[in-house]
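1. would you be able to build a 3D model of this:
(one chain, ligands or ions: 1)
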Amino acid sequence: MEKEVVLQIENLSITFETSSGQVKAIRGVDFTLYKGDTVAIVGESGSGKSVTVKAIMGILSGNETVNSGSIAFTYRRGEEVVHEDLLMLSKKEMRRRINGKRIAMVFQDPMTSLNPTMSIGAQVMEGMTYHLKMTKGEARARAIELLELVGISEPEKRMKNYPHQLSGGMRQRVVIAIALACNPEVLICDEPTTALDVTIQAKILELIRDIQKKLGISVIYITHDLGVVAKVADYVAVMYAGKFVEKGTTEEIFYDPRHPYTWGLLSAMPSMDQAEGELYTIPGSPPNLLNPVTGDAFAVRNNYALNIDHRMEPPMFKITDTHYASTWLLHEKAPRVEMPLQLKQRIEAMKKEANFHG
Ligand SMILES: Nc1ncnc2c1ncn2[C@@H]1O[C@H](COP(=O)(O)OP(=O)(O)OP(=O)(O)O)[C@@H](O)[C@H]1O
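-> Here you go, the predicted structure:
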């Protein structure tokens, strides 16, 4: 069966005007999200993950210029199938029709998304009375259901609580309930567990996964933690210096990575069996996007860089129908280069554990 496309970003380029010059934050991004899938966007700090999702939500800061591209969003309005380019909507239209209604977001720190002066019940109900025009009674009944769905016990009692009366994990559950209130097509999670301790993290990840399956919504997950990716994602898109450099199913990215940057990320992933201090870090740091990028932006940090990497930007090479990578190493005339031996061994060990979500 043909999968339905929910979001399709094509050739998106975004620059920011700053006092030090123009920051080329997003440099030609293509990205497809299908109905019911979870895609994780991974990459180091500054790679453009947040700018990409802020562009989808229409919440960029105002000093940006969209130089090219489109963000096509497909959704149902009753029986009708609607296609819209989100970049063509005003901020007001985004707030009224899309943001928080059809595309909802869960941020890193629940305290910044919750209003400390409002009961959690009122906050869960707010979107339903505003966007869905529900009566107070209807919204209340649905809010109780939602709190139950996200694993909050005695939801009727909890409705009256204020955010400070809940633990961090419980607050993030409330934020998820708010995000789900208007039955969004897309849920965007921006590092939703980094502010929480490890055991709570695992529970929240599981919750998001369960809800995604139950409701069949599409999820975009932003993180720099590959351990999280393995637990939640069907697909992974690896971002570097404002571009996607490798995309594939979670299995393809973890078991058969092709871009040296992905090799670096996987090698740098902490694992249980590793003694402290042994952990690999990718040498150098990401380029300053105030300066123009020539060739492959990762070349200067890449031990496997070819001459051409310093001069010409690699295209996306196709490996399978779902797996693509942008590295000259995949060119038919490139020398044969294998991933580092240590990573190979690591992958073999991961395969034995095979601890991907089921
Ligand atoms: N409003 C802005 N004005 C100027 N530059 C910006 C602005 N917002 C983002 N940038 C720049 O755009 C680039 C991409 O930033 P972005 O926040 O998307 O990275 P990220 O991958 O989400 O990182 P992190 O994991 O730290 O959130 C960075 O170089 C950042 O400094």
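
2. poorly predicted segments of the chain, please.
-> Scanning the chain with the threshold set as pLDDT under 70 gives 1, 272-278, 354-358.

3. ok, then the element right after whichever helix in it runs longest?
-> Within the chain, and with DSSP state H defining each element, the longest helix by residue count is helix 198-215. Proceeding C-terminally, helix 198-215 gives way to strand 218-223 as the next helix or strand, assigned by DSSP states H and E.

4. and the contacts of that next one?
-> 6-7, 33-42, 49-50, 53, 56, 185-191, 194, 208, 212, 228-229, 232-233 (Cβ atoms under 8 Å, 6 or more residues apart in numbering). To be clear about C-beta, it is placed using only N, CA and C from the backbone, and glycine gets the same treatment.

5. narrow those to those in helices?
-> 49-50, 53, 56, 208, 212, 228-229, 232.

6. so which of those residues would count as near the ligand as well?
-> When contact is defined as Cβ under 6 Å from any ligand atom, the ones in helices among the contacts of strand 218-223 meet the ligand at 49-50.

7. now the ones in helices among the contacts of strand 218-223 as CSV including neighbour count and distance to residue 251?
-> Converted to CSV, the ones in helices among the contacts of strand 218-223 look like this (neighbours: other Cβ atoms under 10 Å; distance: Cβ to Cβ, whole Å):
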residue, neighbour count, distance to residue 251
49, 23, 22
50, 17, 26
53, 20, 24
56, 24, 26
208, 24, 20
212, 20, 18
228, 22, 16
229, 26, 11
232, 23, 14
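
8. quick check: the farthest pair among the ones in helices among the contacts of strand 218-223?
-> By the measure Cβ to Cβ, 50 and 212 form the most distant pair in these, at 21.0 Å.

9. which parts of the chain sit against the ligand?
-> Applying Cβ under 6 Å from any ligand atom, we find that the chain lies next to the ligand at 16, 18, 23, 25, 43, 45-51, 61, 63, 224, 289.

10. walk me through the domains of the chain.
-> 1-102+184-358, 116-182 (automatic domain parsing).

11. and the residue of the stretch 101-250 of the chain nearest the ligand?
-> Nearest residue of the stretch 101-250 of the chain to the ligand: residue 224, at 5.5 Å (Cβ to the nearest ligand atom).

12. neighbours of that residue, how many?
-> For residue 224, the neighbour count with other Cβ atoms under 10 Å is 18.
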